[in-house]
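Peer 1: Next input, structure requested:
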Amino acid sequence: MKNRLRIRNVSGVALGTLTMLFALAMVPAQAKEELVLYTASNSTIEKDVMAAFQKKYPDIDVQSINMSTGPITERAIAEKANPQADIIWMVNDIALEQLKGAGVLEPYEPKGSAIDDAFKDPDGFYMGHNATVMGMAVNIKLLEEKKLPMPKSWDDLIKPVYKGQITVAAPTKSGTGLSIFSTMHDAFGWNFIDNLHQNIFQYNSSGSAAARQTGSGETVIGLSYDTAILQQVTAGMPVELVVGNISPNVIEGAGLIAGAPHPAEAKLFLDWLFSEEGAKVLAPHVGIGAVPGYGNIDLSKVSLWKMRRPLDAKEFKREWAAKYEQ
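Peer 2: The predicted structure follows:
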């Protein structure tokens, strides 16, 4: 009797084990957590950032939707009542301010953030992760051949000695050109731009074209953005980057969408992006990193210009075109 009872108990345990295994087999594998991003990043930065973040958080399935800044802003505002994304990143601070004003973003202070205060929205709705600085690409070889002085500030560019020696993107066709000319207008007024116009050899439609033309020897001075100029330096061209006494700039950053479908994952991404770990990934691709010590340009040696008046880009471009596009 004892033996029979023992066998029955063993059989019951075995049956229970089989039942549990069957039940577990019927439960689907746990789905990955999700994170949806809207970004205007170039493909190289996007690839490096996504790879580094997913290496640290392999259980988060990241969907990165890449568009230009304008469409991102319009889409996020249109979706405000029913957000389809969690984060907007690598868009300029003008767009972030627009999104903030439209009520698309909600305040969030990333944990362990190491960024400089200059990159923080005072109300906490977004943070900048890098600044793109506009500067002068100077072809040293041509400069010496033409016996021209080295420009050291933006004021130098309106001197008659540089007549026909400067190339830059038109503000009506390029964000780089808009940043340069709107800053010059804010700092010095239309009279300065009138004088600079007299020295322009060519207006381009691309922000990086002036840097390339300087590198190839087509022009002595090209006004462009930092990484485009540094590409010419790295390639061994006789080019030097000159950052003037004031620095036209565009700050790019990220913000948390209010009512995001995946807020926990979104906050993890922002915590990582604004840490030293995230800054290290961005550093090779940006001019000035928001975390001190990262990026291709030292923030302490640059005077980032802060616009004194709100910029109406449409009106500025209309007025510039009326003056100089003939």
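Peer 1: quick check, residue 321 in a helix?
Peer 2: Yes: using DSSP: H, G, I helix; E, B strand; the rest coil, the assignment for residue 321 is a helix.
Peer 1: how long is stretch 289-301 from one end to the other?
Peer 2: End-to-end distance of stretch 289-301 (Cα to Cα, to the nearest Å): 13 Å.
Peer 1: what do you get for stretch 147-163?
Peer 2: This stretch, stretch 147-163, spans 13 Å end to end (Cα to Cα).
Peer 1: now it, how far from the chain's geometric center?
Peer 2: Remark: stretch 147-163 is offset 31 Å from the chain centroid, using Cα atoms, centre = their mean, to the nearest Å.
Peer 1: same check, this time on stretch 294-303
Peer 2: Centroid separation for stretch 294-303 versus its chain: 16 Å, with Cα atoms, centre = their mean.
Peer 1: Ok, stretch 200-219 next?
Peer 2: Offset of stretch 200-219 from its chain centre (Cα atoms, centre = their mean): 23 Å.
Peer 1: If you count neighbours, what's buried in it?
Peer 2: Neighbour-count burial for stretch 200-219, counted by 16 or more other Cβ atoms under 10 Å, picks out 200-204, 206-215, 218-219. C-beta coordinates here come from the backbone N, C-alpha and C atoms, glycine included.
Peer 1: and what of stretch 188-196?
Peer 2: Neighbour counts over stretch 188-196 (16+ other Cβ under 10 Å) mark 188, 192, 193, 196 as buried.
Peer 1: Save those residues as a markdown table, and put in distance to residue 54, pLDDT and secondary structure too.
Peer 2: Converted to a markdown table, the buried residues of stretch 188-196 look like this (distance: Cβ to Cβ, whole Å; pLDDT from 0 to 100; DSSP: H, G, I helix; E, B strand; the rest coil):
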| residue | distance to residue 54 | pLDDT | secondary structure |
| --- | --- | --- | --- |
| 188 | 46 | 95 | helix |
| 192 | 48 | 97 | helix |
| 193 | 46 | 98 | helix |
| 196 | 46 | 98 | helix |
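Peer 1: List just the nearest of the residues you listed to residue 274.
Peer 2: Taking Cβ to Cβ as the measure, residue 274 sits nearest to residue 188 out of those, at 34.2 Å.
Peer 1: and the end-to-end length of stretch 297-313?
Peer 2: One end of stretch 297-313 sits 27 Å from the other (Cα to Cα).
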